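>>> Sharing a model prediction with you, sequence too.
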Amino acid sequence: MLVKVYGSAVFGVEATTITVEVNVATGIGYHLVGLPDNAVKESSFRIAAALQNNGYKFPGKKIIVNMAPADLRKEGSAYDLTFALGILAASDQIKAEQIADFIIMGELSLDGSLQPIKGALPIAIKAKEEGFKGFILPVQNAKEAAIVKGLDVYGVENILELINFFNEGAPLEPTVINTREEFYKNLENPDHDFADVKGQESIKRCMEIAAAGGHNIILIGPPGAGKTMLAKRLPSILPPMTLHEALETTKIHSVVGRIKENVGLMSQRPFRSPHHTISDVALVGGGAYPQPGEISLSHNGVLFLDELPEFKRSVLEVMRQPLEDREVTISRAKFTVTYPSSFMLVASMNPSPSGFFNDPGGPATSSPAEMQRYMSRISGPLLDRIDIHIEVTPVPFEKLTEERKGESSMAIRERVTNARKKQTDRFKDFENVHYNAQMNVKHIRQFCVLSDSSKQLLKTAMERLNLSARAYDRILKVSRTIADLEASDAIKDAHISEAIQYRSLDREGWLG
């Protein structure tokens with residue numbers, strides 16, 4: 001008897017429906033075709049044990065399982081449940097009238113219980129698009145899939161529940177969540193708060209400007225100055241994610257199985273902090289079966305690279321194009337996948353190998369020549385994509401012992417959100433430009449018009465501080481953001497003056 005059951009495969013962040021055709025006929029042998037990988041091929045052993053332990057049998061006949069379309073590579077253990085139901089239906093052990101109405105996915109344990117799968121959200125979106133009545137999957141993934149409205153999502157713990165559902169009409173309880181309620185529940189509760197940071201008022205101001213304009217930022221300072229602590233608090237002052245951004249972000253994390261158990265929609269902006277030994281493939285994504293890398297996992301959030309010069313040069317260079325394009329395309333011989341990667345880059349570094357260069361209170365430092373070699377590990381084109389360079393100095397004892405708390409992240413976030421609203425209105429007629437950091441030369445000329453006095457101030461600063469040519473546009477972008485924070489339509493002298501301070505690494509003579 002021939003039975004068709006439906007599963008799904010995820011390529012990039014999109015799902016493709018897979019038709020699993022199971023034919024049980026006279027003869028012997030189990031034949032699985034349709035480009036399965038080893039994890040899919042091993043499913044027969046898990047299925048046989050699970051059926052036996054739940055009072056059913058693996059037919060001793062000729063079983064052919066075809067996964068169509070047969071030219072797409074299928075991977076992972078999530079097809080166990082699909083195959084098991086198909087084999088039971090094709091061997092007349094369960095009724096198969098309703099089986100084609102559902103997408104069925106899940107990894108089987110030997111006792112018949114189900115293990116979570118990857119990519120539940122994109123699979124649910126595709127199931128709704130194609131008009132399936134429901135989606136049956138492990139209970140651990142049910143909340144994630146239930147975000148999709150208009151699709152019945154059934155979370156099951158054991159294959160026996162599903163057999164009784166098809167065989168005896170035993171009801172399954174659909175998982176229902178209020179997407180908006182789930183989204184807004186944790187929106188205003190950041191894990192880290194700027195109120196806990198002692199001193200560092202100038203750096204907090206810098207972080208606020210970076211968040212308001214979406215600017216990439218690098219923090220330069222000796223060990224223990226608070227660079228990592230400040231970076232971890234940046235997501236708490238970024239504007240709250242929109243529902244669309246939350247769905248996009250959840251989709252990417254779903255593909256790699258990073259959604260926490262029994263969690264639906266991600267409401268906090270991601271913060272990723274890979275170790276400096278990371279490979280270029282792990283950072284941008286890839287592999288034999290391409291998976292999203294760290295830059296895609298930080299989409300709509302923050303990517304923090306601590307100790308930037310310690311990263312391999314090749315790793316840093318592969319980031320250059322994604323920083324500009326806000327997406328990364330991975331090509332293989334048979335297919336190409338594109339992952340979104342619109343993130344804010346926050347980098348930190350010691351100013352020298354010893355960490356105490358230019359710190360009069362620090363121990364014996366490296367020589368300027370050693371310092372130059374250390375700094376040369378970061379290429380000019382990469383620095384060109386970082387708008388703000390700021391030096392972080394250690395916090396004095398008096399500040400550390402202060403009882404008074406600093407300004408909260410919520411108060412800073414309010415100003416940042418207001419500035420972003422101004423930018424949204426400004427760029428509403430431009431595609432793919434949403435905030436100041438994304439401006440190109442044309443936009444800069446249009447929206448960063450300077451008065452004569454501001455032009456003279458910028459000219460004097462560039463000549464006296466020997467600022468490089470690439471600093472010019474960056475200063476204008478940052479000064480536009482500073483003006484937006486003050487709700488000013490015009491860029492004033494004070495805004496230019498402040499923006500000039502944030503180009504430390506462009507100053508000739510910074511190395512002493």
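That came in fine, so what should we check first? Numbers count the residues shown, from 1 in each chain.
>>> all helices of the stretch 151-300 of the chain, in order?
Per DSSP state H, counting those that start in this stretch, the stretch 151-300 of the chain carries helices over the ranges 159-168, 179-185, 201-213, 227-232, 243-255, 280-284, 294-297.
>>> so can I have CSV of the ones you listed showing mean pLDDT, mean neighbour count and distance to Val13?
Every C-beta, even on glycine, is put in place using the N, C-alpha and C of the backbone. Below are the helices of the stretch 151-300 of the chain laid out as CSV (pLDDT from 0 to 100; neighbours: other C-beta atoms under 10 Å; distance: least, C-beta to C-beta, whole Å):
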stretch, mean pLDDT, mean neighbour count, distance to Val13
helix 159-168, 93, 18, 28
helix 179-185, 70, 15, 19
helix 201-213, 93, 22, 26
helix 227-232, 92, 20, 27
helix 243-255, 91, 21, 5
helix 280-284, 93, 19, 15
helix 294-297, 95, 26, 8
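>>> what's the weakest-modelled helix or strand in this structure?
Within the chain, no helix or strand scores below helix 179-185, which has a mean of 70 by mean pLDDT, DSSP states H and E.
>>> quick revisit: nearest approach to Ala39 belongs to which of the helices of the stretch 151-300 of the chain?
helix 243-255 (16.2 Å; C-beta to C-beta).
>>> Now find how far off-centre the closest one is within its chain.
Distance, stretch centre to chain centre, for helix 243-255: 8 Å (C-alpha atoms, centre = their mean, to the nearest Å).
>>> Can you name every helix or strand that it contacts?
On a contact count with 3 or more C-beta pairs under 8 Å, 6 or more residues apart in numbering; DSSP states H and E, helix 243-255 meets helix 120-129, helix 179-185, strand 291-292, helix 294-297, strand 336-340.
>>> Please find the angle between the direction vectors of it and strand 336-340.
With axes from the mean of the first three to the mean of the last three C-alpha atoms, to 10 degrees applied, the angle from helix 243-255 to strand 336-340 works out at 130 degrees.
>>> Contacts for helix 243-255 next, please.
If you take C-beta atoms under 8 Å, 6 or more residues apart in numbering as the criterion, helix 243-255 is touched by 10, 12-13, 118-122, 125, 144, 147, 179-180, 183, 241, 259, 265-267, 269-270, 291-292, 296-297, 299-301, 339-340.
>>> which among these end up buried?
Buried residues within those, counting neighbours by 16 or more other C-beta atoms under 10 Å: 10, 12-13, 118-122, 125, 144, 147, 179, 183, 241, 259, 265-267, 269-270, 291-292, 296-297, 299-301, 339-340.
>>> how much space between Arg332 and Gly286?
Computed as C-beta to C-beta, to the nearest Å, the Arg332 to Gly286 distance reads 9 Å.
>>> what about those two, which has more around it?
It is Gly286, of Arg332 and Gly286, that has more neighbours when counted by other C-beta atoms under 10 Å, with 21 against 13.
>>> list the contacts for the closest residue to the more buried one other than its chain neighbours?
Leaving aside its chain neighbours, Gly286 sits nearest to Ile330 (5.2 Å; criterion: C-beta to C-beta, 6 or more residues apart in numbering). By C-beta under 8 Å, 6+ apart, the contact list for Ile330 reads 284-286, 290, 336-339.
>>> Grab the two from those that are most spread out in space.
Val284 and Thr336 (14.1 Å).
>>> the longest strand in this structure is where?
In the chain, with assignment by DSSP state E, the single longest strand is strand 14-25.
>>> contact partners of that strand?
Contacts for strand 14-25 (C-beta under 8 Å, 6+ apart): 1-10, 59, 61-69, 72, 74, 79, 82-83, 86-87, 89-91, 103, 119, 122-123, 125-127, 130.
>>> what's the neighbour count on Lys149?
Using other C-beta under 10 Å, Lys149 is surrounded by 9 other residues.
>>> What's the separation between the most centrally placed residue in the chain and Asp425?
When C-alpha atoms, centre = their mean is applied to the chain, the residue found nearest the centroid is Leu297 (2.3 Å). Using C-beta to C-beta, Leu297 is found at 30 Å from Asp425.
>>> got it, and Arg205?
Relative to Asp425, Arg205 is positioned 24 Å away (C-beta to C-beta).
>>> Got phi/psi on the residue lying closest to Pro138 once chain neighbours are set aside?
Leaving out its chain neighbours, the residue that sits closest to Pro138 by C-beta to C-beta, 6+ apart is Leu114, at 3.9 Å. When read as degrees, to the nearest 10, the backbone of Leu114 gives phi -110, psi 140.
>>> bridging residues for Leu114?
Counting by DSSP bridges, Leu114 forms beta bridges with Leu108.
>>> Cross-check the contact I'm expecting between it and Val156.
Yes - using C-beta atoms under 8 Å as the test, Leu114 is close enough to Val156 to be in contact (6.3 Å).
>>> Overlap of the contact sets of these two?
By the contact definition C-beta under 8 Å, 6+ apart, Leu114 and Val156 are jointly contacted by 106, 137-139.
>>> Nearest to His215 among those residues?
His215 has its nearest neighbour among these in Leu137, at 40.9 Å by C-beta to C-beta.
>>> ok, back up a step: including distance to Thr250, could the contacts of Ile330 go into a markdown table?
Listed next are those as a markdown table, based on distance: C-beta to C-beta, whole Å:
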| residue | distance to Thr250 |
| --- | --- |
| Val284 | 21 |
| Gly285 | 17 |
| Gly286 | 22 |
| Pro290 | 19 |
| Thr336 | 23 |
| Val337 | 18 |
| Thr338 | 18 |
| Tyr339 | 14 |
